[in-house]
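Student: Below are the sequence and a predicted model for it; my questions follow.
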Amino acid sequence: MPESVGIVGAGRMGTGLALALARAGTPVRLTSRREVRVPAPLRVAVAPDGPDAGWLRDASVVVLAVTDDRIRDLAQRLWDGRAITATQTVLHCSGVLGQEALAPLVPTRAALGSLHPLQTISEPEVAPERFKGAWAAVEGSAAAMEKAEAIARSVGLKPFRITAKAKTLYHAGAVFASNYLVVVEAVAQRLLRHAGLSDDDAWAALSPLVRGTITNLLAGDPRAALTGPVARGDTETILRHLSVLTIDDARLYQALGRAALELARKRGMDDETAQRVADALATDLPPVLPPQG
């Protein structure tokens, strides 16, 4: 367990991580550019011009829990303010960036790396429970990864090491698993609304289906959980769907359908059926007209 942690950034991830660490018994301090409410026992040091160097030097590990596009600039400001020393470890929480985002701090000789919990945090209060059993990607120098792993384990995360080069692909997978799952459900809700249901009724009707699907997923893997017209080889249904969807929705349906077909093939779909499904999914859509100028 790290001796003490200073977290810069009091957003959902920063505050959630601070709360999980505090409950695990790790001394943790949190700073933000503006006043924000945080759950007890946390307190926030407000620093509109950036964290105080003295405040940071009290932490053995400094975590930059800010948006991806702020990490390098913040690292530069920490270097300019001589706020980091060689005895410290500096981590950021980006899922897509590696230790290169902390390049301005290389001259400090601090251990540099990243810690990305593979979990969605809608509210900081849920983080301590959500972290338990979730995985976390760690990357950076050997010393930085050791510290990141210690932090991860202390809050119940399961750390795994990843290279900086692989992080973009890893993070894209995380976006598909979480963010785009939400988007697909929003599309489904909209289609049911167009079919005559209210927004509330559409989501109430879809929710049991979503829960059942997630249950099936968690019981096995995506290949085993796949159902629906692609898995059945039901080309007439696929063509009917494409005929009533808008161009954008039809293109999304086709792209997801091709991915579903790949799963169905892996599950043993015969070549003849797979080709019929592929042909149905390849149905021409009206061309997109260029904007009128």
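Tutor: Noted; the coordinates are in hand.

Student: where are the low-confidence patches of the stretch 1-150 of the chain?
Tutor: Within the stretch 1-150 of the chain, the stretches with pLDDT under 70 are 1-2.

Student: residue boundaries of the helices in it?
Tutor: For the stretch 1-150 of the chain, the helices defined by DSSP state H, counting those that start in this stretch occupy 12-23, 53-57, 68-80, 127-131, 142-154.

Student: what angle separates the last one from helix 12-23?
Tutor: To tie it back to what came earlier, the one meant is helix 142-154. Compare the direction of helix 142-154 with that of helix 12-23 by axes from the mean of the first three to the mean of the last three Cα atoms, to 10 degrees and you get 70 degrees.

Student: Quick one: distance of helix 142-154 to the chain centre.
Tutor: 20 Å (Cα atoms, centre = their mean, to the nearest Å).

Student: What is that helix packed up against?
Tutor: On a contact count with 3 or more Cβ pairs under 8 Å, 6 or more residues apart in numbering; DSSP states H and E, helix 142-154 meets strand 61-64, strand 89-92, strand 111-117, strand 135-140, strand 158-161. Every residue, glycine included, has its C-beta placed from N, CA and C.

Student: now swap in the fourth one and tell me
Tutor: Under the contact criterion of 3+ Cβ pairs under 8 Å, 6+ apart, the helices and strands touching helix 127-131 comprise helix 12-23.

Student: Over to the second one?
Tutor: Secondary-structure packing of helix 53-57 (3+ Cβ pairs under 8 Å, 6+ apart): strand 5-8.

Student: Leu78 reaches Leu105, doesn't it?
Tutor: Yes: between Leu78 and Leu105 there is a contact at 6.3 Å, judged by Cβ atoms under 8 Å.

Student: any shared contact partners between those two?
Tutor: 84, 90 (Cβ atoms under 8 Å, 6 or more residues apart in numbering).

Student: wait, doesn't Arg34 sit right on Val46?
Tutor: Yes: using Cβ under 8 Å, Arg34 makes contact with Val46 at a distance of 6.5 Å.

Student: on that earlier part again, closest to Val182 out of the helices and strands packed on helix 142-154?
Tutor: In terms of Cβ to Cβ, the element of the helices and strands packed on helix 142-154 nearest to Val182 is strand 111-117, at 17.9 Å.

Student: what's the angle from that closest one to helix 68-80?
Tutor: Between strand 111-117 and helix 68-80, the angle comes out at 150 degrees (the same axes, to 10 degrees).

Student: Using CSV, list the CA coordinates for strand 111-117.
Tutor: The C-alpha coordinates for strand 111-117 follow below in CSV (Å, rounded to 0.1, in the frame of the first residue of the first chain):
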residue,chain,number,x,y,z
ALA,A,111,8.7,7.2,-11.7
LEU,A,112,6.1,7.9,-14.4
GLY,A,113,3.1,5.8,-15.6
SER,A,114,-0.6,5.3,-15.7
LEU,A,115,-3.4,3.5,-13.8
HIS,A,116,-6.7,3.1,-15.6
PRO,A,117,-9.5,1.3,-13.7
